[in-house]
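In: could you work out the structure for the sequence below:
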Amino acid sequence: LHTMWDDFDEEEAKELMGIIARGAADLATLVEDLLLAAQIEVGNGVRSTPVDFELAEEVERAVEECVSSGDLAGLPGLTLRSVMCHADPLRVRQIVRNLVINAGRYGGSSVEVVVAAEPVPLVKIMDDGPGIPATEWERIFSPYEQIHGTDATRGALGLGLTISRQLAEVMGGTLSYEYTNGRSTFTLSLLPADGATS
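Out: Okay, the predicted model is just below:
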């Protein structure tokens, strides 16, 4: 693009710049995942700065980032209940982005994001794609694991889910997966704002 700029019309140049931008964003995410995985592997842990905040606002922001970056073709279904939680907003957005991108790339055509308040602050990311067998539900959170083995996953390292669970646990939460009634569901559970522990 740099050396042959005059050979492209405006629309072609915009399309190529979009491809470059998406590639750069993917590379940045990959580098971030590798650095976090290295920290986890050597036992340095992952830093987190928990505060009280409105969960729905951060989840909506993370979803919008996925759409604007081109990682998601369209806006997923959103059910956002107002709920305060005690966690690191940056890390929560990182987890939600990982899960939403994962659902958009490897799940079905219907992606839904739900924020709920019971029994604790929850974020559920659901899709109608092919499910993972129950015997593999925990294995998908192991480093470098890829269950489906499709063309779409061959370029991935299999670190996103491992890192997402680690981040959830650092904040006192959990991350789990289940496949029921034809839908895959990742559930992120967090501490309530009024129940934070030191």
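In: verify the stated contact: Arg183 with Met126.
Out: Yes: with contact defined as CB atoms under 8 Å, Arg183 reaches Met126; the gap is 5.1 Å. From N, CA and C alone the C-beta is placed, and that goes for glycine too.
In: how about Gly172, nearest residue that isn't a chain neighbour?
Out: Computed as CB to CB, 6 or more residues apart in numbering, the closest residue to Gly172 that is not its neighbour in sequence is Leu191, at 4.8 Å.
In: re the thing from before, Arg183 and Met126 - which one has more neighbours?
Out: Met126 (21 against 17; other CB atoms under 10 Å).
In: given the host helix or strand of Phe186, what are its sheet partners and their directions?
Out: According to DSSP states H and E, Phe186 maps onto strand 183-189. With DSSP bridges as the test, strand 183-189 is paired with strand 122-127 (antiparallel), strand 174-180 (antiparallel).
In: if you compare those strands, which one is most tucked away?
Out: Per residue and on average, the most neighbours among those fall to strand 122-127, with a mean of 23 (mean count of other CB atoms under 10 Å).
In: tell me how far it lies from the chain's centre.
Out: For strand 122-127, the distance from its own C-alpha centre to the chain's C-alpha centre is 10 Å (CA atoms, centre = their mean, to the nearest Å).
In: what about the helices in this protein?
Out: Listed in chain order, the helices of the chain (DSSP state H) span 10-41, 55-68, 89-106, 160-170.
In: about what we covered before: reformat the strands paired with strand 183-189 as JSON lines; add mean pLDDT.
Out: Formatted as JSON lines, those follow (pLDDT from 0 to 100):
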{"stretch": "strand 122-127", "mean pLDDT": "96"}
{"stretch": "strand 174-180", "mean pLDDT": "95"}
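In: which of those sits closest to Tyr106?
Out: Taking CB to CB, strand 122-127 is the member of the strands paired with strand 183-189 nearest to Tyr106, at 8.3 Å.
In: quick one: contacts of the closest one?
Out: Residues from elsewhere that reach strand 122-127, judged by CB atoms under 8 Å, 6 or more residues apart in numbering: 55, 59, 92, 95-96, 99-100, 102-104, 107-108, 110-116, 183-190.
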